[in-house]
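**Q** here is the input, now give the coordinates:
(2 chains)
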Number of protein chains: 2
Amino acid sequence: MKKIFTKTGSSSESLARTGIVETYHGKFETPIFMPVGTQATVKTMTPEELKECEAQIILSNTYHLYMRPGSDLVEKAGGLHRFMNWKHPILTDSGGFQVFSLGHLNKITEEGVTFQSHIDGSRHFISPEKAVEIQNQLGADIMMVFDECIPYPSDHEYVRNSVDRTTRWAKRCIDAHRNQDKQHLFGIVQGGMYHDLRKRSAEALIDLDFPGYGIGGLSVGEPKKIMYDVLDHLMPIMPQDKPRYLMGVGSPDALIHGVLRGVDMFDCVLPTRIARNGTAMTSEGPVIIKNAKHFESWIPLDSDCQCYCCRNYSRAYLRHLFKSNEILGLRLLSIHNISFLLELMKGIRKAIKNDCLIDYCQEFYRRYYQEELVFNLIT
Amino acid sequence: MKKIFTKTGSSSESLARTGIVETYHGKFETPIFMPVGTQATVKTMTPEELKECEAQIILSNTYHLYMRPGSDLVEKAGGLHRFMNWKHPILTDSGGFQVFSLGHLNKITEEGVTFQSHIDGSRHFISPEKAVEIQNQLGADIMMVFDECIPYPSDHEYVRNSVDRTTRWAKRCIDAHRNQDKQHLFGIVQGGMYHDLRKRSAEALIDLDFPGYGIGGLSVGEPKKIMYDVLDHLMPIMPQDKPRYLMGVGSPDALIHGVLRGVDMFDCVLPTRIARNGTAMTSEGPVIIKNAKHFESWIPLDSDCQCYCCRNYSRAYLRHLFKSNEILGLRLLSIHNISFLLELMKGIRKAIKNDCLIDYCQEFYRRYYQEELVFNLIT
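**A** A predicted model of the protein is given here:
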């Protein structure tokens, strides 16, 4: 398939690398964090605000858009970019994760999955072909194959069968894909916490020559140590010339550990979700803005941050907005948290170019977590 | 007191006029509509968005800020302008209206009002002196006297006593005012629906030589015809060289009827409140965005509107946001409705300058209400 990734730099101390991904709606730099616009909007934010936060690519959820307003309507709008007024790259997931986690699951067969809507209980069937058809209608620059998302923990035999089915579904997704010149379909490596099954999944999908690969089924409740362990074993066998996307991961520690192991792309609702709950990520760690100690605090959320929120508003004002249930508070913390993670990724890219990534991450870790980053390069 | 109003034009067909009001934080043009930022934020909007909507002055509520976060805190922030990051004129009401309508009222005496907070039930006492002290702490460019707000309907004797008390309170407010060079204190004409009492109130307050006058106690449940009738009798005796502010009024018809009778300033939560309920004001009348007919509508809310919402988003997308409970929907309709009313006022100012106000209002009325504007100049 079409080559979309160009490696532009690497780190001598880790598997981290920088790169450029080219899509129909423009390029983006890696490693990158993708803000999540579940329902065709990154919650509380305009596209212009996302650009001011230096977002380069956003994610939207196929399951949610299929349910509401429907992929037919988005297609009639001229696709998701035009519908939501975001002119830059978009990635859509396949809906698999939500079908298995959000909807009321009725039946999984070789053909596909029957489930009930979380909105109105209506019955739906999604197959690999249908997931690709919906994503073709949405028109995102990067699409994901429809995969089986298994619970954690699951036993070895169950996971092996699931991995093999996900590989068969991946082939069907490739065959169903109708817009190969403008939309790039990524495979998804599954395999739970079993190194042999991760390898089995990766090798089978690498044979199918996808332009990029998601790593699914992590950050699903397992200890982070296990996630890093899976990545330690998996990443060295992933193709060098294709982007690797660790799905659903967005805490600063996991971003750093992912990058060190060679991950290029991440997404997570975490920064916007905790923002709406009143938690800001700052260079000195999380700030719970409703805490009484911020009542008379005239400093910004983060003195090191240049975002719109930190340039213009005091913690005292932000606390007032949250205590008064004012929407502007949700907006300002969302802007800040998105800026914060994108700034972290920008710092990471720069540190890789200057080959001082471990130092950069160590410094971040000490200030944010008040502890040492522990990372040993597996070679 | 200091002269702050300069009349710049008038209409030969009505009592309407244009003018400039000068304040410590800049000038604004009249007739003007003031968006309401109850809790030190115009709900869902940033100061920059308000400026893009061409807001020139906003209103904030003394009662709410006194309750939360407290006027001491706002004073420590350097005043309301700095606290909320709005660099342009602000008007604060006196808290009177909210004390009489929102709080649980305990007792009115000549000294002041005892009431309980609508937030936590705590007991408070506000006198004319206290209302002015709080507003001096907030630091708005225009302050309002503490007045007694009576229920509608009330009998003649009750209203006469209330008017006389409001006059006595007005004098006490003047005496208590500590920041006369930067903050301008307006009187408030009361008198219910009784022409003789409105005249009595106006004459007593005119003697006190305020730099501007509020007209209170209207839009409190009475038929609009009665409100216009009160204005017909009251406005001709109001000073020509001072701004007149019709408090709490913001529907397009009432703005137009107020302007025709010589009102210069208006405020109301209406445009932002109905926006959050999904109603947009457009040049062809109200649009209920959740209606099924907008499901596949690719036109903007209002084809005549140049606001951020109308330049970038379709009704179909806006409907999707509202159906999905997305905050961006509340934001976009708020921006539109504020823009719409400010654009109406701008058109009115232009029409006064060109002395074609009745034609302008008639045209607006036909499109918005599908009916004729009925207005007879009382001379």
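**Q** okay, CA-based contacts and neighbour counts for the rest of this
**A** Noted.
**Q** is the spatially most distant residue from the centre of chain A in a helix, a strand, or coil?
**A** Residue farthest from the centre of chain A, counting by C-alpha atoms, centre = their mean, is residue A:296 at 36.2 Å. Here residue A:296 is recorded as coil under DSSP: H, G, I helix; E, B strand; the rest coil.
**Q** from residue B:139, how far off is it?
**A** Computed as C-alpha to C-alpha, to the nearest Å, the residue A:296 to residue B:139 distance reads 18 Å.
**Q** which parts of the stretch 1-150 of chain A are strands?
**A** A:5-10, A:17-23, A:26-30, A:32-34, A:58-60, A:90-92, A:104-108, A:113-116, A:123-126, A:142-144 (DSSP state E, counting those that start in this stretch).
**Q** for the residue farthest from the centre of chain A, give me the pLDDT.
**A** You'll see residue A:296 listed with a pLDDT of 98.
**Q** for it, give me its contacts.
**A** Shown in contact with residue A:296 (C-alpha atoms under 8 Å, 6 or more residues apart in numbering or on different chains): A:315-316, B:73.
**Q** same check, this time on residue A:237
**A** A:199, A:202.
**Q** one more: residue A:144?
**A** Here residue A:144 is in contact with A:92-94, A:185-188, A:214 (C-alpha under 8 Å, 6+ apart).
**Q** ok, and the most crowded of these?
**A** When neighbours are counted by other C-alpha atoms under 10 Å in any protein chain shown, residue A:187 leads the contacts of residue A:144 with 32 neighbours.
**Q** in three-state terms, how would that one be classified?
**A** Residue A:187 ends up strand, using three-state DSSP.
**Q** read off the pLDDT value for the nearest residue to it once chain neighbours are set aside.
**A** Excluding its sequence neighbours, the residue lying closest to residue A:187 (C-alpha to C-alpha, 6 or more residues apart in numbering or on different chains) is residue A:213, at 4.9 Å. As predicted, residue A:213 sits at a pLDDT of 98.
**Q** what pLDDT does the model give the spatially most central residue of chain A?
**A** Chain A has residue A:267 as the residue nearest its centroid, 1.5 Å off, counting by C-alpha atoms, centre = their mean. Turning to residue A:267, the model gives it a pLDDT of 98.
**Q** just residue A:197 next, same as before
**A** 98.
**Q** ditto for the one 3 residues further on
**A** Among the per-residue scores, residue A:200 shows a pLDDT of 98.
**Q** residue A:155 now?
**A** 96.
**Q** burial count for it?
**A** Using other C-alpha under 10 Å: residue A:155 sits among 12 other residues.
**Q** report the buried residues of stretch A:145-155.
**A** A:145-150 (16 or more other C-alpha atoms under 10 Å in any protein chain shown).
**Q** got a list of contacts for it?
**A** A:93-97, A:100, A:127-128, A:131-132, A:159, A:162-163, A:165-166, A:169-170, A:173, A:185-188, A:192, A:216-217, A:220-222.
**Q** go with 7 Å
**A** A:94, A:96-97, A:100, A:128, A:131, A:162, A:166, A:169-170, A:173, A:185-188, A:217, A:220-221 (C-alpha atoms under 7 Å, 6 or more residues apart in numbering or on different chains).
**Q** I'd like to know which of those are buried.
**A** Neighbour-count burial (16+ other C-alpha under 10 Å) applied to those gives A:94, A:96-97, A:100, A:128, A:131, A:162, A:166, A:169-170, A:173, A:185-188, A:217, A:220.
**Q** just to revisit the earlier point, out of the strands of the stretch 1-150 of chain A, nearest to residue B:290?
**A** When the strands of the stretch 1-150 of chain A are compared by C-alpha to C-alpha, strand A:58-60 sits nearest residue B:290, at 22.4 Å.
**Q** check whether the closest one contacts chain B.
**A** No. Using C-alpha under 7 Å from any C-alpha of the partner chain, strand A:58-60 stays clear of chain B, coming no nearer than 14.1 Å.
**Q** packing partners for that strand?
**A** On a contact count with 3 or more C-alpha pairs under 7 Å, 6 or more residues apart in numbering or on different chains; DSSP states H and E, strand A:58-60 meets strand A:90-92.
**Q** what about the strand it packs on, distance to the chain center?
**A** 10 Å (C-alpha atoms, centre = their mean, to the nearest Å).
**Q** so what strands line up beside that strand?
**A** strand A:58-60 (parallel), strand A:142-144 (parallel) (DSSP bridges).
**Q** circling back: and the residue nearest to the centre of chain A, how far from residue A:61?
**A** From residue A:267 to residue A:61 the distance is 11 Å (C-alpha to C-alpha).
**Q** now do the contacts for residue A:285.
**A** A:367-369.
**Q** ok, the longest helix seen in chain A near chain B or not?
**A** If you go by DSSP state H, chain A has its longest helix at helix A:327-353. Yes. Counting by C-alpha under 7 Å from any C-alpha, chain B has neighbours in helix A:327-353: A:327-328.
**Q** helices or strands up against that helix?
**A** On a contact count with 3+ C-alpha pairs under 7 Å, 6+ apart, helix A:327-353 meets strand A:5-10, strand A:17-23, strand A:32-34, helix A:270-276, strand A:279-282, helix A:308-312, helix A:315-323, helix A:357-369.
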